[in-house]
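Trainee: generate a structure from the sequence data that follows.
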Amino acid sequence: ERCPFAGSLMHNLFLNEIGFNDLLSPFPLNRDTTYKPCDIMLTLFNSAVLGIPSIEALKLANASELGVLIGANRIPDKEVMRTHLAQLASHNLSADLVDDFARRLLHQGKIDPEVFFIDGHFLPYYGLNVIAKGYYTVRRLAMRGNELYAVTDIQGRPLFFITESNEIDFRPIISRCAGKLKEFGIPRPIMVFDRGGYGTHFFKELGETADFVTWAKYINSKSLDRIPDES
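Mentor: Residues are numbered from 1 along each chain as shown. Take a look at the predicted model:
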């Protein structure tokens with residue numbers, strides 16, 4: 001039978017290369033359920049590849065046709081996805097999973113280790129819990145949400161990310177990322193970040209472990225002109 005999503009099976013070559021199932025092996029199997037942890041993660045992976053924007057939007061997809069991509073008769077519906085994700089989150093293994101992915105991507109040369117870019121992206125939250133607000137540039141207002149800090153290579157390929165509350169300053173996040181890069185085998189990482197990380201005392205601390213490129217919050221052309229060309 002014809003499947004319009006069969007072309008996405010090509011991504012299995014990449015997943016096999018990085019050892020997708022092996023990376024998920026720390027999550028315990030529940031033999032009383034139809035779907036395994038890798039099925040849930042595969043559904044999320046293929047949803048992202050196909051441009052399905054959210055778990056809620058899975059209800060609009062053809063579950064049987066998408067099931068081919070995870071080796072099942074159909075993909076799990078949104079309620080099953082949310083139940084399984086809550087169970088997976090309860091094991092507190094997500095941070096280790098992110099780190100293991102990053103190590104493997106670097107080890108296999110899928111990420112350029114020459115320089116790393118770090119930037120924050122606001123994630124709005126629409127749930128019932130009371131959490132800190134942040135400025136959401138898309139809607140131009142303050143909203144409840146978290147900040148996702150993504151670390152990418154010079155081609156924009158993501159290596160890892162850190163999600164934090166909005167009251168956390170950008171600079172300690174940069175230090176944490178530099179520390180992680182050293183853990184991943186980068187002896188002295190070069191990091192690029194925007195003016196949100198500017199701070200002379202912070203630069204002195206960061207300079208002990210990493211090199212970096214940024215720019216001042218307030219600087220005029222005359223100040224720039226005074227810098228020698230060779231600098």
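
Trainee: for the residue minimising distance to the centre of the chain, which non-adjacent residue is spatially closest?
Mentor: Centroid-nearest residue in the chain: residue 161, 4.0 Å away (criterion: C-alpha atoms, centre = their mean). In this structure, residue 161 finds its nearest non-sequential neighbour in residue 150, 4.7 Å apart by C-beta to C-beta, 6 or more residues apart in numbering. Every residue, glycine included, has its C-beta placed from N, CA and C.

Trainee: give me the phi and psi angles of that neighbour.
Mentor: For residue 150, the backbone dihedrals (degrees, to the nearest 10) come out as phi -100, psi 140.

Trainee: one more: residue 207?
Mentor: Main-chain torsions, residue 207, degrees, to the nearest 10: phi -60, psi -20.

Trainee: that one: how many residues sit nearby?
Mentor: 10 (other C-beta atoms under 10 Å).

Trainee: repeat that for residue 16.
Mentor: With other C-beta under 10 Å as criterion, residue 16 counts 11.

Trainee: next one: residue 193
Mentor: Residue 193: 24 neighbours (other C-beta under 10 Å).

Trainee: ok, it touching residue 173?
Mentor: No. With contact defined as C-beta atoms under 8 Å, residue 193 and residue 173 do not form a contacting pair (9.3 Å).

Trainee: touching both of these two, which residues are there?
Mentor: Shared contacts of residue 193 and residue 173 (C-beta atoms under 8 Å, 6 or more residues apart in numbering): residue 118.

Trainee: before we move on, back to that, contact partners for the residue nearest to residue 161?
Mentor: 118, 119, 121, 158, 161.

Trainee: the first one - that's part of a strand, no?
Mentor: Yes. Applying DSSP: H, G, I helix; E, B strand; the rest coil, one finds residue 118 inside a strand.

Trainee: make sure it is actually in contact with residue 151.
Mentor: Yes. Counting by C-beta under 8 Å, residue 118 does reach residue 151; the two are 5.0 Å apart.

Trainee: mutual contacts of the two, please.
Mentor: residue 177.

Trainee: so how far is stretch 163-174 from its chain's centroid?
Mentor: Mean C-alpha position of stretch 163-174 versus that of the full chain (C-alpha atoms, centre = their mean, to the nearest Å) differs by 15 Å.

Trainee: what residues does it touch?
Mentor: The set of residues external to stretch 163-174 that reach it, using C-beta under 8 Å, 6+ apart, is 118, 120, 122-123, 131-134, 145-149, 162, 191, 193, 196-197, 199, 202, 206, 212.

Trainee: now do the helices in this structure.
Mentor: Here the chain has its helices, by DSSP state H, at 11-18, 20-23, 37-49, 63-67, 78-89, 94-107, 170-183, 200-206, 221-225.

Trainee: in this structure, where is pLDDT below threshold?
Mentor: Filtered on pLDDT under 70, the chain yields the residue ranges 1-2, 216-217.

Trainee: mind redoing it with 90?
Mentor: Within the chain, the set of residues satisfying pLDDT under 90 comprises 1-7, 29-33, 59-61, 125-130, 135-140, 166-167, 195-196, 198, 200, 215-231.

Trainee: burial count for residue 199?
Mentor: 17.

Trainee: for it, give me its contacts.
Mentor: Residue 199 neighbours (C-beta under 8 Å, 6+ apart): residue 171.

Trainee: surely residue 36 and residue 29 touch.
Mentor: Yes. Residue 36 is within contact range of residue 29, at 6.0 Å (criterion: C-beta under 8 Å).

Trainee: these two: who's more crowded?
Mentor: residue 36 (18 against 10).

Trainee: so who does the more buried one touch?
Mentor: Contacts of residue 36 by C-beta under 8 Å, 6+ apart are residue 29.
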